[in-house]
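Enquirer: Have a look; sequence and predicted model below, questions after that.
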Amino acid sequence: MSATGIIFSNIHDANLPELTRKRTLASVPFGCRYRFIDFALSNMVNSNIFDINVIAHYNYQSLMDHIGSGKDWDLARRSGGVKILPPYITAYANNQNSLYTTRLEALKSVNYILDKITSDYVVLSDCDVVCNVDLQDLIKFHKESGAVLTMAVKNLDLDEKAAEASTIFYSDENARITDVLAFPKKFSGKADVALNISVINTQYLQQIVMDAIAHGYTSMTKDIILKNLETQKYCVYKFDGYFACIRSFADYFKYSMDLISDNFARKSLFNTKNRPIYTKVRNSVPTYFSPDSVVKNSMIADGCRIEGNVENSILFRGVKVSRNATIKNSIIMQDTYIGEGTYINCVISDKNAFVRDGRLLSGTEEQPYFISKGQTL
Amino acid sequence: MYKKQQCVAMLLAGGQGSRLYTLTEKTAKPAVPFGGKYRIIDFPLSNCVNSRIYTVGVLTQYQPLVLNEYIGNGQPWDLDRMQSGVIVLPPYQGKDGADWYKGTANAIYQNLAFINRYDPDYVLVLGGDHIYKMDYNAMLQNHIKNGADCTIAVLNVTLEEASRFGIMNTDENMKIVEFEEKPKHPKSTNASMGIYIFNKALLEKYLIEDEADPTSSNDFGKNIIPKMLGDGCAMYAYPFEGYWRDVGTIASLWDANMDLIGDKPEFDLSDKKWRIYSRNSALPPQYVGEMAKVSNSLITEGCVIEGIVENSILSSGVIVEKGAYIKDSVIMSGVRVCKDATVNYSIIDENCEIGENCVIGRTRSAGADVTIVGAGLSLPAGCNVPGGEMVNKAWLEGKK
């Protein structure tokens, strides 16, 4: 059962405009020391998928910097490994060369790579899906079901707002997809929501992409799945582990906080046996807690220096918390400096921010205060 | 074909480190964990890379498994290279028989073929058991500038300490005029750090001569250096200033670990210009719980802290359960300290489990030595280990 991975790095950038102003969604920092793409990459590597293509779109410098040669995921390989596929635009650009906005269009743009795939299956994954999933099991299920395409789903209780950002699948008792609702309005209740992770027969993928190019199709759900429900077998695979789909800035805050408030989330993501999450190694020193520091219910990466109070918060690598500073319910990203006597509550600080002594900053859980990358306050 | 290298480093990592007792029962001394996420050998290896010396032979002998595995292909130190990199050199069987490394000089002698592949002008000989940051390249430039045959790095120690070291008596140009091994009445305080740079051709000559001498103990300090000095070779001392610790004993290992903590630690690892690299395990960030209290401590990835930690160093993946109390201790990776256990002034080796309500060690002020718990042991609930005790399998069985 050989499989190739394809990761869409930009697909939902617009959901997190604050954090994707200077980076792809794939390289948005998450969970103390990771970036979104680490989960997608680690899921693939842990499932013996060592040939991975990452489709980039724009703003992908930070992504390239993060992935490097791929060695931190064991993906610096002679055959296979990780490849970043930047947009392909010819020197004679005209309006036909405009950048893609959907997954199907993205696949059309890398058609030449798809043709070269020799493995039996292709696993497609978005980046805003944080979960630790056994893809081998998904592929096995797919193979046994005889489907051409299997979508991973999780049964969730949706409110109207969440439903508007979800793709919902209905299936029969054999897991065969019978209907799809894409971003339904006024929908609420229990439903099987797409994880945006799927496995597809390589030949079928090549065929639908050729078809899409010929017919000008743009949407996988509307133009392919919905049109062919009767003639092709599409299945759902029910996943029951922890899963966070980050569709908004408030979601980002909420799911980050899950990591400290929800033992199941932490265990399911980080402590699943044989399935560690890999990330770029930064060689930080261990974190130092000074004699005056008070830290409660927080997740802390290496390389920090804590002299103040930290409560219900997430500190990324290399954060410095000065004396008498108080950080509550906040997410502080890499190398941020928090000055003496500051008080911070419900704040998301991007990388390398500098908060001067004595500042008082507070947001709310629904609308966290955001400090942008490199900003001095 | 091999590319010529100006300097090849030979890292002597075969020592047992018998004064670390149970900590080196299953591992060579250079592989002993240090400072939360390092092993001792990370320091000389990182120094080599930071000094732009990319050809490093690591000579192993005693319990090499952990060390070999740790070094691997050298990737964490950027020493996985096309033309050079780090290469582990174990003793081997030859046509004329098999030999263990008889002494430091013999170990290098047996690997002359390795050195010669790179046709180096200079050979840097290092120990694998010290904690320090040093620019070997600056020392090499000094060696070249002096037109020396051999340069020995020296540290200024106190007069009392001097009798424990090999002492280099020099003239005003730092040219060595006399060498005394552990002198009773030292004339100077320039102690050899066991770091040598030799002109390769000359080193080869002396190693071959030394090997032919059946009375020699094949040791750099005892044989090669005195012989070269006697022959009138140009030998210079290179003064090193900065932090340098021999971690050959339990007490010095504990001390050196403690030098990393504090507001302004004696030894600062966070220098971005001289990074210490180490092999990383993919562990999640540390979690500090609701009831936890952590002060003046270094804590790293994978730890889960629910208890109290004071003046201590916790390596990766250490779990401190509720009510547990750790003070003045070095806890190595994968240790679990269960509910309400107390660990005081101790070094707990990798993957131990300290059962509920255990009392390990006594407060530092009580006067006893550091308490040691050997790797992989499970201490039953309520176990009481007095201060200065050395717990290994035999100790535990005797207890039952």
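Expert: Noted; the coordinates are in hand.

Enquirer: I'd assumed B:Thr363 was in contact with B:Thr342.
Expert: No: B:Thr342 is beyond contact range of B:Thr363, at 9.9 Å (criterion: C-beta atoms under 8 Å). Just so you know, the C-beta spots here come from the backbone N, C-alpha and C atoms, and that holds for glycine as well.

Enquirer: More neighbours: which of these two?
Expert: Between B:Thr342 and B:Thr363, counted using other C-beta atoms under 10 Å in any protein chain shown, B:Thr342 has the larger neighbour count: 22 against 13.

Enquirer: what's in contact with the strand of greatest length in chain B?
Expert: Criterion DSSP state E: the longest strand present in chain B is strand B:190-199. Outside strand B:190-199, the residues within contact range by C-beta atoms under 8 Å, 6 or more residues apart in numbering or on different chains are B:7, B:121-127, B:130, B:134, B:136, B:139-140, B:143, B:148-157, B:161-162, B:165-170, B:220-221, B:225, B:237, B:239-240, B:244.

Enquirer: Write out the residues of chain A neighbouring chain B.
Expert: Counting by C-beta under 8 Å from any C-beta of the partner chain, the residues of chain A lying close to chain B are A:31-33, A:71, A:260, A:266, A:269-271, A:276-279, A:281, A:283, A:285-303.

Enquirer: Run through the residues that contact the closest residue to B:Trp244 other than its chain neighbours.
Expert: Nearest non-adjacent residue to B:Trp244, counting by C-beta to C-beta, 6 or more residues apart in numbering or on different chains: B:Tyr132, 4.1 Å away. For B:Tyr132, the contact set (C-beta under 8 Å, 6+ apart) comprises B:43, B:47, B:240, B:242-245.

Enquirer: out of the residues you listed, which are buried?
Expert: Buried subset of those (neighbour count, 16 or more other C-beta atoms under 10 Å in any protein chain shown): B:43, B:47, B:240, B:244-245.

Enquirer: need the helices for the stretch 1-150 of chain B, in chain order.
Expert: Under the criterion DSSP state H, counting those that start in this stretch, the stretch 1-150 of chain B contains helices at B:42-50, B:65-71, B:104-109, B:112-117, B:136-146.

Enquirer: looking just at contacts, which helices and strands does the fourth one meet?
Expert: This points to helix B:112-117. helix B:200-212 (3 or more C-beta pairs under 8 Å, 6 or more residues apart in numbering or on different chains; DSSP states H and E).

Enquirer: now stretch A:131-149: how far from the chain's centre is it?
Expert: From the chain centre to the centre of stretch A:131-149 is a distance of 20 Å (C-alpha atoms, centre = their mean, to the nearest Å).

Enquirer: buried set for it?
Expert: A:131-135, A:138-139, A:141-142, A:145, A:147-149.

Enquirer: on that earlier part again, show me just the buried residues among the contacts of strand B:190-199.
Expert: B:7, B:122-127, B:130, B:134, B:136, B:139-140, B:143, B:148-155, B:157, B:162, B:165-170, B:220-221, B:225, B:237, B:240, B:244.

Enquirer: okay, and the helix or strand of chain B with the least pLDDT?
Expert: None of the helices or strands of chain B scores lower by mean pLDDT, DSSP states H and E than strand B:97-98, at a mean of 74.

Enquirer: And for the closest residue to B:Ala105 other than its chain neighbours, the neighbour number?
Expert: In space, and not counting its chain neighbours, B:Ala105 is closest to B:Asn218: 4.5 Å by C-beta to C-beta, 6+ apart. Neighbour count for B:Asn218, taken as other C-beta under 10 Å: 21.

Enquirer: hang on, isn't B:Asn218 packed against B:Trp100?
Expert: No: contact status for B:Asn218 versus B:Trp100: not in contact, 11.1 Å apart, counting by C-beta under 8 Å.

Enquirer: For the chain, give me the ranges with low pLDDT.
Expert: By default, I'm working from chain A. Residue ranges of chain A with pLDDT under 70: A:1, A:13, A:88-100.

Enquirer: actually chain B
Expert: Using pLDDT under 70, chain B drops low at B:1, B:400.

Enquirer: Turn the buried residues of stretch A:131-149 into CSV, including distance to A:Arg356 and secondary structure.
Expert: Shown next, in CSV, are those (distance: C-beta to C-beta, whole Å; DSSP: H, G, I helix; E, B strand; the rest coil):
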residue, distance to A:Arg356, secondary structure
A:Cys131, 38, strand
A:Asn132, 39, coil
A:Val133, 43, coil
A:Asp134, 47, coil
A:Leu135, 46, helix
A:Leu138, 49, helix
A:Ile139, 52, helix
A:Phe141, 54, helix
A:His142, 54, helix
A:Ser145, 59, helix
A:Ala147, 57, coil
A:Val148, 58, coil
A:Leu149, 53, strand
